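**Q** Quick one, fold the following:
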Amino acid sequence: MTALRSALSAVGLQTSGLQMEYTEEAVGYPGGSYMNRLISVRSPGGTWENYDAEMTLRNPQITVGEMKIKFGLSG
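**A** Residues are numbered from 1 along each chain as shown. Sure, this is the predicted structure:
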């Protein structure tokens, strides 16, 4: 979350009103399981999207670009 917030701030995007939350969820399947780590973002109007937390940590600028499109962010 810190990397994403820093990347959003670095490009001057206005994120007021967006709720961002980190969650972890164990996902099981017949061959085993894995931990799904997500950053969930929800707008005041109810629009929401989940972003892979590990990929966001690797390259937060990609998530920033996706958020600009999905939520119409401007800075």
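**Q** Name the helix or strand for the residue lying closest to T63 once chain neighbours are set aside, please.
**A** Nearest residue to T63, sequence neighbours excluded (Cβ to Cβ, 6 or more residues apart in numbering): T56, at 4.5 Å. Using the backbone N, CA and C atoms, a C-beta is placed for each residue, glycine as well. Under the criterion of DSSP states H and E, T56 resides in helix 53-58.
**Q** cool, and I39?
**A** strand 32-42.
**Q** Please apply the same query to N50.
**A** Going by DSSP H and E, N50 is in strand 48-52.
**Q** Just the C-alpha atoms of that strand, please, in PDB.
**A** Output of strand 48-52 as PDB, limited to C-alpha atoms (Å, rounded to 0.1, in the frame of the first residue of the first chain):
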ATOM      1  CA  TRP A  48     -14.400  -1.100  -7.300                       C
ATOM      2  CA  GLU A  49     -11.400  -3.000  -8.500                       C
ATOM      3  CA  ASN A  50      -8.900  -5.400  -7.000                       C
ATOM      4  CA  TYR A  51      -5.200  -5.200  -7.900                       C
ATOM      5  CA  ASP A  52      -2.500  -7.900  -7.200                       C
END
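**Q** Quick check: what element follows the helix holding T56 along the chain?
**A** Using DSSP H and E, the helix or strand that directly follows helix 53-58 along the chain is helix 60-71.
**Q** So what touches that next one?
**A** 3-4, 6-8, 11, 13, 18, 39, 41, 43, 47, 49, 51, 55-56, 73-74 (Cβ atoms under 8 Å, 6 or more residues apart in numbering).
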